[in-house]
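Novice: Give me the fold of what follows.
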Amino acid sequence: MKIVMVGLNHRTAPVEVREALAVSGADAPTALTRLRGLPVSEGVLLSTCNRTEVYAVGRDVAECERALVDYLTGLAADLHGRSLSRDALEPFLYRRQGLAAVEHLFRVAAGLDSMILGETQILGQVRTAHRQAAQAQTVGKVMHQLFHQAIAVGKRAQTETRIGQSAVSVSYAAVELARKVFQTLEGRRCLAIGAGETAKLTVRHLQAAGVRDLVVANRTLDRAERLAREINGRAMTLDEVPRVLSEVDVVISSTGAPGYVVTRQQVEQAVRARRGRPIFLFDIAVPRDIEPGVAHVEGAFLYDIDDLEAVVTANLAERQQEARKVERIIAEEVERFRQWAASLAVVPTIRMLREKVDAIREQELARAFNRLPDLTERQREVIAAMTVSLVNKILNAPTQQLKGMAGEGAADEAIQTVSRLFDLGRPAGQPAVEGGGSG
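Specialist: Residues are numbered from 1 along each chain as shown. Got it, this is the predicted structure:
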């Protein structure tokens, strides 16, 4: 049995192709059910906004790959009504087999293959993909082990390194700077100017940082109200911004309007009303929303997008350095998986050994009970339990040695030795994963 993966992501495919293969949570059961008709014994579908990948276990790598490509083209047709031929899809696909597929999934779970290096959301998506496949009953021993270990890799990356702890988006950098200034944003009032995608991302970061009093201002009130409802905040138009400037501690603006949304005069008036309490303003819009002269107002602190991008660049360099630590974690875990997979080759031998020894135990136990007919039922249970414990303890060391030899690449030697010593015959055994490659 071999592990095979076929997929595409933000690096290999444009958004229109990724959309054609995207599988929502509601469509996941249907998509996973279709996996059962393929020449694979196990399968997991990982689909996010930036990638769609299918992991499977099959006997013939070439046959499995062909089936997975056809499966992906079928998803495009069935879920989105998009006609994508194999030839049209092929240029966007990548393939991994064996340990290369294992390493790829571990990199994905650790955030090393994400659009934003080290982002943590992907780990939850890997966990969801495994849970959905388990519910659809498309996973077995190999995929369970692979995805459990991938989740462990992601957790180790987050807890043992700083790969996801520094801001590498402008909106997140603005929130992180504000948090450093105030020590904590809990209890602070914040004003988000704008209601577009950047603004939505910003308010989510603010909420995650503990902000509960949020005001959303936008040129169009209904858009501000929609976003405000999502975050349980307040909405207003841009005309009302001067009035609330004196009430908020942090302003983050991202409208991209042609003129200044916040002027120096407005900030000067707000600072006077605040009576010495500072106000911090983050302008992440291009063209700028906040008049540059605000930086010269005493009690007002202005950061523009260049300031924030300098922070992002420094933080990205830190993440890249931390990524080297994550690579070492991945290498360790790939080796652990290899040893586990190799040990599967000796499982039939271990099972035959235990069955033979247990048959002898049962035979001798029955003989002993025949010689001792006066034993009570409780006494028989105690003696039987003792023999089970004795067998388990005797076989524990040989079992571990068999698995260890398999992990070291000596599975055939271990199987032959144990089979000859205990007259077991030669059970069929084959590793679940080999070195593999990519395509």
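Novice: C-alpha only now, for contacts and for neighbours.
Specialist: Will do.
Novice: and the residue nearest to L93 when sequence neighbours are not counted, helix, strand or coil?
Specialist: Nearest residue to L93 in three dimensions, chain neighbours excluded: L8, at 4.9 Å (CA to CA, 6 or more residues apart in numbering). In the three-state summary, L8 is assigned as strand, counting by DSSP: H, G, I helix; E, B strand; the rest coil.
Novice: Wait, L8 touches P91, no?
Specialist: No: the pair L8 and P91 does not pass the contact test of CA atoms under 8 Å, sitting 9.6 Å apart.
Novice: More neighbours: which of those two?
Specialist: When neighbours are counted by other CA atoms under 10 Å, L8 and P91 differ, and L8 comes out ahead with 24 against 11.
Novice: Low-confidence ranges, the stretch 51-200 of the chain, go.
Specialist: By pLDDT under 70, the low-scoring segments of the stretch 51-200 of the chain are 166-168.
Novice: mind listing the helices in it by residue range?
Specialist: Listed from the start of the chain, the stretch 51-200 of the chain has helices (DSSP state H, counting those that start in this stretch) covering 61-80, 86-89, 99-109, 121-135, 141-160, 170-182, 197-208.
Novice: Identify whichever of those lies nearest to E291.
Specialist: Taking CA to CA as the measure, the helices of the stretch 51-200 of the chain were each checked against E291, and helix 170-182 came out nearest at 17.4 Å.
Novice: Flag every buried residue along whatever helix or strand R380 lives in.
Specialist: Element membership for R380 (DSSP states H and E) is helix 377-407. Applying a neighbour-count criterion of 16 or more other CA atoms under 10 Å, the buried positions in helix 377-407 are R380, A384, T387, L395, T399, L402, K403, G404, M405, A406, G407.
Novice: Which one of the residues you listed is nearest to L316?
Specialist: Closest approach between those and L316, by CA to CA: G407, at 37.8 Å.
Novice: The closest one: what's it in contact with?
Specialist: Under the criterion of CA atoms under 8 Å, 6 or more residues apart in numbering, the contact partners of G407 comprise R338, Q339, W340, A341, A342, S343.
Novice: Which two among those residues are spaced furthest apart?
Specialist: For these, the maximum inter-member distance is 8.5 Å, found between R338 and S343 (CA to CA).
Novice: Those two: which has the busier surroundings?
Specialist: The residue with more neighbours, out of R338 and S343 and counting by other CA under 10 Å, is S343; that gives 25 against 22.
Novice: which phi and psi does the more buried one have?
Specialist: In terms of degrees, to the nearest 10, the main-chain angles of S343 are phi -70, psi -20.
Novice: how near is it to D60?
Specialist: Note on S343: its distance to D60, by CA to CA, to the nearest Å, is 21 Å.
Novice: for the helices of the stretch 51-200 of the chain, which one ends up most surrounded?
Specialist: Neighbour counts (mean count of other CA atoms under 10 Å) averaged over each of these peak at helix 99-109, with a mean of 24.
Novice: Which other helices and strands does that one contact?
Specialist: strand 2-9, helix 121-135, helix 141-160, helix 305-343 (3 or more CA pairs under 8 Å, 6 or more residues apart in numbering; DSSP states H and E).
Novice: would you turn those into CSV with distance to G210?
Specialist: As requested, those are arranged in CSV below (distance: least, CA to CA, whole Å):
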stretch, distance to G210
strand 2-9, 33
helix 121-135, 19
helix 141-160, 21
helix 305-343, 21
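Novice: sec struct for L32, please.
Specialist: When states are read from three-state DSSP, the local structure at L32 comes out as helix.
Novice: what's the distance between the closest residue to M5 other than its chain neighbours and E119?
Specialist: The shortest distance from M5 to any non-neighbouring residue, by CA to CA, 6+ apart, is to Y55 (4.4 Å). With distances taken as CA to CA, Y55 is found 22 Å from E119.
Novice: Then N315?
Specialist: Using CA to CA, which is the criterion applied here, N315 is 13 Å from E119.
Novice: now swap in R188 and tell me
Specialist: 26 Å.
Novice: More neighbours: which of those two?
Specialist: More neighbours sit around E119 than around the other of R188 and E119, counting by other CA under 10 Å; the figures are 21 against 17.
Novice: check contacts around the more buried one.
Specialist: Counting by CA under 8 Å, 6+ apart, E119 has contacts G111, G164.
Novice: excluding its backbone neighbours, what's nearest the most centrally placed residue in the chain?
Specialist: The structure's the chain has its C-alpha centroid closest to L123; by CA atoms, centre = their mean the separation is 1.9 Å. The shortest distance from L123 to any non-neighbouring residue, by CA to CA, 6+ apart, is to A109 (5.0 Å).
Novice: Who are the contact partners of that neighbour?
Specialist: For A109, the contacting residues are I122, L123, V126, A150, I151, V153, G154, taking CA under 8 Å, 6+ apart as the criterion.
Novice: for the residue nearest to the centre of the chain, what are its contacts?
Specialist: Under the criterion of CA under 8 Å, 6+ apart, the neighbours of L123 are V108, A109, A110, G111, I151, G154.
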